[in-house]
Structures are given as structure tokens and as C-alpha cells.
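1. Here is a sequence together with a model predicted from it:
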Amino acid sequence: MDGGDEVDIQEACPTNREASQSTGIAAVSEADRARMLDRQGYSPEVRAAIERENLLPTGLLSRAHACYPQHSTLLSTDPFLFPERRKYRGVSGFREVVARLTASGIRLGDLEERELFIEVYRFMATRHVLNAIDWRNLASDSLFALTFPQPGMMPRDVVEAYVAADGSEARTRVARAHLERTNPHDGKQRLNRPWFDNDRGERELLEGSQHKYPQCQLVFDRTTQDCFAFCTYCFRHAQVRGDEDMFLQQDVAQVHRYLRRHPEVTDLLITGGDAGFMPANRFAEYALPIISDPALLHVRTIRFASRVLSYAPEVVLSPGYRPMLELFRRLSDNGIQLAFMAHFSTPRELLHPSTIAAIRRLQHHGVTLRSQSPIMNRISLFRDERGEVDVDRTARNWIDLGNLLAMLRIGFHSMYCARPTGEHHYFTVPLAVLDTIYGRIHRSLASISRPSRYLSMTTSAGKISILGTTIVGGRKAFALKFTQARNMAWLDRVFLARYDEKQNNVDLLEPFDTPEFFFREELREIERSLAAVLGEGEARCGPAPPRDRDAR
Ligand code: SF4
């Protein structure tokens, strides 16, 4: 049909049930759907919301299940292993999970190594995630690797010292010594704290904000310093652990005072931890002045960085979430985009009734959804039996994810590489391999369903995209480009790095034909001047940027 044709909407869009029957796609019947609701144990209020707001139409469930049966557990009828408690936390919570698994005949093994990881990085798993894991196929289960420490994540020598240590105090000492070496601020984030001179002529520092790129200010509010579950690759572990140098925004009005002085800021990004922890009354303190104050007209989008849709989507379905939904609706009705930034990296996370219902509920309340998705070993990057990267399986995961995001009307914002923080060695593979995988994904997805930028990696200089490889004068090179930068003029330039089949950190690539990258000298100067104002030494904000050739 030509896009200009007029159609009768009623005729073109029969009810979902009719649509399922007319196309023969009836993978999920009304009876299946009823069983699904029973299995999830939804309260009467949640069930009422699902029906009233048409959150789980059988047409959508059928299509999703029929297209992706290999990822879908929508029709699973297995009883839940973890039916009661909302979450398990810390070493003691981990041991309770292990005890329950053992009682069900499931043995995890490598318990000391896993507990070492938990002592360094923490552990938390929700009822939702625990019941979404396929406990019969742990070796290939992405959600298991996403939330449970795995053998090989911690360096071997640290594991050996931990296992050999005499007693729990000695073990904790080994864990703490490793914790000191974990480099939580890989991109010199301490230098991103903004400041301004207030009406009394005093300098005010925003201890809980980052403002590195002109259009977007990040806020780490005091209410968002927790997560629904902990990701094993967490790159915000200073926040999650509560390190003394974490970012913490106490004063909401201070954010508005800063914004009024910075008309270049169009996006306020509420993050953490997890923005999903912010209570509605606290969010109203941020949002209502943006709706009503003419001096804040330049703020056009509020982004909400949250993994609630992967870890605890039932929160969005609960009656207690209504005040938040009303605020979202109010923002939308006043021309402010509320962008919910999810972090899906596997189709499995999406193919769950609670997640689908929560996505649709947010959309019905004027929320835009986008996914910024990490590509991580064992979670969304797979290996074959020989331990080699399985390019086909990995690309398939991402192509299915891209198509499923489109089906659910979620924008595919980005795919990003593991950052050099935490146990980076475990989660990453060489950039050359990632580029091959990305190429496969990019050309397999329709342009409307592709990530909105090339594969990127965050550095102190900015977010660098890997455009691909090229041959110059017979030599192979990576073509790179900033998508965000400390100096936005750097975005105008494509630059080349020597092709390196082993390097996994874009910051450590060598320039192709110059002693250092074009931005390095200016970056050193920017970082020096920021450090001088902020009083930050190398110990707190990380080492100076490499002088490309002599950094090796
Ligand atoms: S949601 Fe973010 S802050 Fe929380 S554990 Fe995951 S990566 Fe870390």
C-alpha cells in the first residue's frame, strides 16, 4: 500500500484476537494468556491494570513468541523456584539462593570464587530475575551471567589468595585489597562535576552531577543510589558500593540554579544507581519547575536511566507507580520528552509478560523508550565450544534484539563496549572482533531498527565510535569518530588508528600516521584546568591520558 492511501482505521486494525486468527499467528491463545497471568501471581490491581490498559494483547504476544521461540519463555509453565521474596542481597543473600538451588538439585560450584566477587562488587538479584533464569541451562543463560559472578571474572592470583586465606577476616582483607585496585572512575568522571558562581558571588560545586557534553547534564540524586539487581559488569561500582568519592546530589534546587545559567543544556539525565528508585514526590521537585519556569524552557528532555524493565518490571505495573505515571503524562502534555533509557542486551529480557506490560504502560503514559545496550562476554557476546568468539550466535542475538525492540516500539539508541573498569578483562574482546560483529548486525537490520550510532566506547576525551576499517597506502586502519567529546568541535573529524587485532580499549589504540591523536594535547590542557578548579589529583580522577606512541 502506498503511504499516501487513506484507509479505514477500524478496518485496517481489527481487534488483536481477530488479527491473530486472520493471519494464522495464534501462538498465544487467550487461555495461554490467562495461564501466564496466573503463573506470574499478579495481584487483582495489577490484573485490572493489564486488562484496562490492554497491556498484554494476544496478537503481540503471539507474534513475539512466533518470531523468537528460541528466546521466548512466554509459554513456560514451570513452577517458579523463587516464588516469595522480592530480592536477595549480599553474601548472605547469595548463600540463601545457593541453598535453595541445592535443595532443588542445582549445584553452582566455585562458591568461594563467586563470594570473592561479591565482597568486591556486591550482589543482588530480584524475584523477577531469579525466576527468569533458565536454571537447567546455566552455561548458556545470559541472565545468569548478568547477575551472578562467574568463574574467571576475578584474576586467578586474587582467587588463590582468597581461597588460601585463613578465616573470613583474612578473606575480606584480600577482597578489600583488590577493591582498591578496581578503578571506578575510568573516564576521569570526577572532572565532570560542574560548578557555578551563585548570586552571592560564591562558587557552588554540584557534588552529584556531571556535565561533560553541552546538551546533557547527569544527576546522581540521593534517592537513586541503589539498583534493582546488580550487573556483574557494573561500571558504576563507586555508586553501588557507596565509595566515599561517589556522586551524590542532595539539593534539587541547586540543579535548577545551574540549569538557568546553562541554556545549552537540553537534556537532564537522572541516573545512579538506578533512576527507577526515585520516589514520585522527589521527581516532581525536579520536573515541575521545568514545566513551569520560563527560564528553563531550554530543557526539552528528561532522561530516566533505569534497568527496572529488566530486573523488576512489576514495579511499573503496581498501583504505587500511578503518581509517577501521572507525572510522565504531565511532562508529555507539556511538550517535554520523558525518555526512559533501558539497557536491554538480550531478547530474553524483553520476552517476559511483566516486561512487555510495563513497556506498554509507560508508552501509554507518553514515555519514549530507548535502549542503550552493552555488548558483554557471556551475556550478549558468546563463545563456541573451543572458547572462540561465536560471531554468528552473537550477531544473531543482536539482530533479534534490534527487531524485537522495533516490534515493541523501543528506539535502539546504542551498542557500547565494556569500559576499562571493574573486571574489564572478562567482559571484553578485541575491538577488531567487535567491529566484525557490529558490521554483521548493522547490515542485517533495516535502517530504522539499527542502533542510532556506531559501536562506541567511553573515554575521558568522549564517546568514540568505531566506524569500521579501511586500507590507506596498503595498511589497515580503524576509522574512528567522536559522537560526544569534551570539545564538541572534535566531532567534525574522522580520524585513523592503526589496526590492532588484540587491543580491547579504544583509548589505547595507536594513531595511524601521527605521533599522537589530534585531540590529545588539547585534552591534556582541558583536564589540567578542570583538575585545578576541582582540586582533583591523579589518585582520585585517574592517570593522565596516554601519549599515544609512548604509552605502550
Ligand atoms: S544498573 Fe547500573 S549502577 Fe546498577 S549495577 Fe547495573 S551497571 Fe551498575
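-> Cool, got the structure. Numbers count the residues shown, from 1 in each chain.
2. Spell out which parts of this protein neighbour the ligand.
-> Contact residues, the chain versus the ligand (Cβ under 6 Å from any ligand atom): 227, 230-231, 234-236, 239-240, 273-274, 307. Using the backbone N, CA and C atoms, a C-beta is placed for each residue, glycine as well.
3. Surely residue 85 is within a strand?
-> No: looking at residue 85 with DSSP: H, G, I helix; E, B strand; the rest coil, it is coil, so not inside a strand.
4. Double-check it against residue 127; I have them as touching.
-> Yes: counting by Cβ atoms under 8 Å, residue 85 touches residue 127, with 6.2 Å between them.
5. Between the two, which is the more surrounded one?
-> residue 127 (19 against 13; other Cβ atoms under 10 Å).
6. Pull the contacting residues for the more buried one.
-> Contact analysis of residue 127 by Cβ atoms under 8 Å, 6 or more residues apart in numbering lists 80, 82-87.
7. repeat that with 6 Å
-> Contacts for residue 127 were tallied using Cβ atoms under 6 Å, 6 or more residues apart in numbering; they are 82, 86.
8. Could you number the chain from 777 rather than 1 from now on?
-> Renumbered: residue one is now 777, and that last one reads residue 903.
9. Check it and give its pLDDT.
-> For residue 903, the pLDDT comes out at 96.
10. Torsion angles phi and psi at it?
-> When read as degrees, to the nearest 10, the backbone of residue 903 gives phi -50, psi -40.
11. Residue 974 now?
-> phi -80, psi -180.
12. From the ligand, how far out is the residue nearest to it when sequence neighbours are not counted?
-> Nearest non-adjacent residue to residue 974, counting by Cβ to Cβ, 6 or more residues apart in numbering: residue 980, 5.1 Å away. Applying Cβ to the nearest ligand atom, to the nearest Å, the value for residue 980 to the ligand is 26 Å.
13. Just list the residues touching residue 1204, thanks.
-> Residue 1204 sits next to 1194, 1280 when contact means Cβ under 6 Å, 6+ apart.
14. same check, this time on the one 3 residues further on
-> By Cβ under 6 Å, 6+ apart, the contact set of residue 1207 is residue 1279.
15. gap between it and residue 1286?
-> Distance from residue 1207 to residue 1286, counting by Cβ to Cβ, to the nearest Å: 12 Å.
16. so what sits against both of those two?
-> With Cβ under 6 Å, 6+ apart as the test, residue 1207 and residue 1286 reach no residue in common.
17. Name the helix or strand of this protein that has the lowest mean pLDDT.
-> None of the helices or strands of the chain scores lower by mean pLDDT, DSSP states H and E than helix 785-788, at a mean of 34.
18. Could you report the neighbour count for residue 1070?
-> Residue 1070 is flanked by 5 other residues according to other Cβ under 10 Å.
19. Quick one: low-confidence residue ranges for the stretch 877-1026 of the chain.
-> Applying pLDDT under 70 to the stretch 877-1026 of the chain flags residues 961, 1020.
20. Do a quick rundown of the helices in it.
-> Listed in chain order, the helices of the stretch 877-1026 of the chain (DSSP state H, counting those that start in this stretch) span 887-897, 903-908, 918-923, 932-940, 944-955, 1013-1017.
21. Serialize those helices to TSV and add fields for distance to residue 1079.
-> Conversion of these to TSV gives the following (distance: least, Cβ to Cβ, whole Å):
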stretch	distance to residue 1079
helix 887-897	25
helix 903-908	23
helix 918-923	22
helix 932-940	36
helix 944-955	30
helix 1013-1017	17
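22. follow-up on the earlier one: quick one: neighbours of the residue nearest to residue 974, just the number.
-> For residue 980, using other Cβ under 10 Å, the count is 15.
23. what do you get for residue 1297?
-> When neighbours are counted by other Cβ under 10 Å, residue 1297 comes out with 12.
24. Show me what residue of the stretch 1077-1226 of the chain gets nearest to the ligand.
-> Using Cβ to the nearest ligand atom, the single residue of the stretch 1077-1226 of the chain nearest to the ligand is residue 1083, 4.5 Å away.
25. how close does that residue sit to residue 922?
-> Distance from residue 1083 to residue 922, by Cβ to Cβ: 10 Å.
26. Which of the two has more residues huddled nearby?
-> Between residue 1083 and residue 922, counted using other Cβ under 10 Å, residue 922 has the larger neighbour count: 27 against 24.
27. so the more buried one sits right up against residue 1154, yeah?
-> No: in this structure, residue 922 is not within contact of residue 1154 by Cβ atoms under 6 Å, at 8.5 Å.
28. hmm, back to that, any idea how far the nearest residue to the residue of the stretch 1077-1226 of the chain closest to the ligand once chain neighbours are set aside is from residue 995?
-> If the residues on either side of it in the chain are set aside, residue 1083 comes closest to residue 1119, at 5.4 Å by Cβ to Cβ, 6+ apart. Distance, residue 1119 to residue 995, by Cβ to Cβ: 18 Å.
29. and these two? which has more neighbours close in?
-> residue 995 (25 against 19).
30. who's that one bridged to?
-> Residue 995 has these beta-bridge partners by DSSP bridges: residue 985, residue 1046.
31. Just the pLDDT for residue 863.
-> 95.
32. Scan this protein for its longest helix.
-> helix 1167-1183 (DSSP state H).
33. Break the chain down into its structural domains.
-> 785-838, 863-955, 1235-1328 (automatic domain parsing).
34. Mind checking the ones you listed for the one nearest to residue 975?
-> Among the domains of the chain, the nearest to residue 975 by Cβ to Cβ is domain 1235-1328 (20.0 Å).
35. one step back: how about the residue nearest to residue 974: which residues does it bridge to?
-> Where residue 980 sits in a bridge, its partners, by DSSP bridges, are residue 972.
36. ok, it to residue 1062 distance?
-> Using Cβ to Cβ, residue 980 is found at 17 Å from residue 1062.
37. do the same with residue 1280
-> Distance, residue 1280 to residue 1062, by Cβ to Cβ: 37 Å.
38. Likewise for residue 866?
-> Taking Cβ to Cβ, one finds residue 866 at 31 Å from residue 1062.
39. what do you get for residue 1000?
-> When distance is defined by Cβ to Cβ, residue 1000 is 11 Å away from residue 1062.
40. So these two - more neighbours on which side?
-> residue 1000 (26 against 21).
41. Could you check what's spatially nearest to that one, not counting adjacent residues?
-> Once flanking residues are discounted, residue 1000 sits nearest to residue 1048: 3.4 Å by Cβ to Cβ, 6+ apart.
42. what's the burial count for the one you found?
-> 28.
43. again, but for residue 941
-> 17.
44. pretty sure it contacts residue 948?
-> No: counting by Cβ under 6 Å, residue 941 stays clear of residue 948, with 8.6 Å between them.
45. In stretch 842-853, which residues are buried?
-> By 16 or more other Cβ atoms under 10 Å, the buried positions in stretch 842-853 come out as 842-844, 847-851.
46. Tell me who's in contact with residue 1199.
-> Contacts of residue 1199 (Cβ under 6 Å, 6+ apart): residue 929.
47. Mind listing the residues bridging to residue 1271?
-> Bridge pairing for residue 1271 - DSSP bridges - gives residue 1256.
48. pretty sure it is touching residue 1257, no?
-> No: taking contacts as Cβ under 6 Å, residue 1271 lies outside contact range of residue 1257: 7.3 Å.
49. downstream neighbour of the one helix or strand residue 1106 maps to in the secondary structure list?
-> Take DSSP states H and E as the rule and residue 1106 turns out to sit in helix 1098-1109. Once helix 1098-1109 ends, the next helix or strand along the chain (criterion: DSSP H and E) is strand 1113-1118.
50. who touches that following strand?
-> Strand 1113-1118 is contacted by residues 1077-1081, 1085, 1104, 1107, 1138, 1143-1148 when judged by Cβ under 6 Å, 6+ apart.
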